[in-house]
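1. Kindly return the folded structure for what I paste below:
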Amino acid sequence: MITTSRLPLAVSGAALLVAVNLYTATAAQADDTDPSQPPGTEPTATAPVKIDPTDPDLKLPEGATLAQPKVLDIKSVVEDQSGDERREDTNADVTFALQAEVLFGKDSAKLGDEAKARIGTIAEEVKKQNATQVRVFGFTDNLGSSAHGDILSRQRANAVQAVLDQDLNDPNITFDVRGYGEQYPIADNSTEEGRKKNRRVEVTFPRSGS
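-> Numbers count the residues shown, from 1 in each chain. A predicted model of the protein is given here:
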């Protein structure tokens, strides 16, 4: 009986498979890419297209000049899963938005212990940013009279400012406190989910740039 070794065939097959994988690796994305990242927006180590720096089409016309450089204001928004708290960071400011339900009872401007603890966390961030100006703005939904919303939103902003002032204990900090009522909604007031987002207090202060 004659036996024939299959090793050369297996090795050849493996080599072919490796070659195919190497060829297709650059053309196909991995299946386990981040699903929240749109295809084609992944960062690359090199430019997608080779650029010829001597190309005449890349040169400015005779007498033309470049526009003044401009810094784009990039906003980062982080919201907790419950939606009770949202933080927005821009190049200039930090804003915390707290929904009224986590701070106050219905139609109330009285803060509980848990609410004061949340405000204390914001006070720590104010200290971290070395901010000396803090804006505290209150907002409501469009239910009830506009006048009542104006008063309630101002009372709630005042309550948050009082706790911040106590926690910060810094006479150099200036507060700007306002109640805007149903003005400036951030969600649709025709649904309860939207109205809940609109019932909020926002605390904004400058970034230190650190």
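
2. residue ranges with poor pLDDT in this protein?
-> Scanning the chain for pLDDT under 70 picks out 1-49, 70-75, 80-81, 209-210.

3. quick one, strands of it?
-> 76-79, 85-89, 93-99, 133-139, 174-179, 200-206 (DSSP state E).

4. How about residues contacting the fifth one?
-> What that stands for is strand 174-179. Residues outside strand 174-179 that contact it (C-beta atoms under 8 Å, 6 or more residues apart in numbering) are 132-139, 150-158, 161, 164-165. Using the backbone N, CA and C atoms, a C-beta is placed for each residue, glycine as well.

5. Weed out the non-buried ones from the residues you listed.
-> For the contacts of strand 174-179, a burial check counting by 16 or more other C-beta atoms under 10 Å picks out 134-139, 150-154, 156-158, 161, 164-165.

6. Report how many residues lie close to the closest residue to F205 other than its chain neighbours.
-> Leaving aside its sequence neighbours, F205 sits nearest to A131 (C-beta to C-beta, 6 or more residues apart in numbering; 3.7 Å). Using other C-beta atoms under 10 Å as the criterion, A131 is surrounded by 20 other residues.

7. residue contacts, A131?
-> Here A131 is in contact with I173, F205, P206, S208 (C-beta under 8 Å, 6+ apart).

8. Repeat that for Q161.
-> With C-beta under 8 Å, 6+ apart as the criterion, the residues that contact Q161 are V134, V136, F175, V177.

9. wait, which of those residues is closest to A123?
-> V134 (9.2 Å; C-beta to C-beta).

10. which residues pair with the closest one across the strands?
-> Counting by DSSP bridges, V134 is bridged to F175.

11. If you drop the residues flanking it in sequence, what lies closest to the most centrally placed residue in the chain?
-> In the chain, the centroid-proximal residue (C-alpha atoms, centre = their mean) is V77; its distance is 1.2 Å. In this structure, V77 finds its nearest non-sequential neighbour in E88, 5.1 Å apart by C-beta to C-beta, 6+ apart.

12. Tell me the bridge partners for the one you found.
-> Note on E88: beta-bridge partners by DSSP bridges are V77, T95.
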